[in-house]
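Engineer: Structure here, sequence nowhere to be found:
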């Protein structure tokens, strides 16, 4: 099998596992929010509304010094008009990106190991890693 076909096979397998996890938890956002979720959502809202990577304290924008801007910036397209996060869309997007990372592990392993079997094992290890898969729901 060619490396591009194997890449897509590993990615598809990874996505199927992550899709099963998402389907099994159901559409309610109870698993999507944890205690630090507002510390990601608020800077995302401020990025969208004010163009500033900041948090709000007493109605004032204060530069965000605790979080890095990566994940809040990722959340911006998933904000509803009322400022709430579309959790299910975030989860499915994270599942797709996470599945792609399994395929990328396979491709990266091909650079290190000329034997495609070792690269396949590396990609499948990432694709079938359940702990990695469940992170898509948060």
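Structural biologist: Happy to help now that I have it. Predicted model, so just to flag it, every value in this text is computed and none were measured.
Engineer: from here on, contacts and neighbour counts on C-alpha atoms
Structural biologist: OK.
Engineer: what residue lies at the spatial centre of this structure?
Structural biologist: In the chain, the centroid-proximal residue (Cα atoms, centre = their mean) is residue 94; its distance is 2.9 Å.
Engineer: mind checking how far that residue is from residue 19?
Structural biologist: 11 Å (Cα to Cα, to the nearest Å).
Engineer: Which residue ranges of this protein form helices?
Structural biologist: 3-25, 38-50, 70-75, 87-112, 116-127, 130-134 (DSSP state H).
Engineer: just checking, what packs against the shortest one?
Structural biologist: In terms of contact count using 3 or more Cα pairs under 8 Å, 6 or more residues apart in numbering; DSSP states H and E, helix 130-134 is assigned the packing partners helix 3-25.
Engineer: How about residues contacting the helix it packs on?
Structural biologist: 31, 91-92, 95-96, 98-104, 106-107, 120, 123-124, 126-128, 133-134, 136-137 (Cα atoms under 8 Å, 6 or more residues apart in numbering).
Engineer: what comes up buried for it?
Structural biologist: Neighbour counts over helix 3-25 (16 or more other Cα atoms under 10 Å) mark 6-19, 21-22 as buried.
Engineer: Could you do stretch 68-88 as well?
Structural biologist: 69, 72-73, 75-76, 78-79, 83, 85, 87-88.
Engineer: do the same with stretch 93-109
Structural biologist: 94-96, 98-107, 109.
Engineer: from the chain's centre, how far out does it sit?
Structural biologist: Computed by Cα atoms, centre = their mean, to the nearest Å, the chain-centroid distance of stretch 93-109 equals 11 Å.
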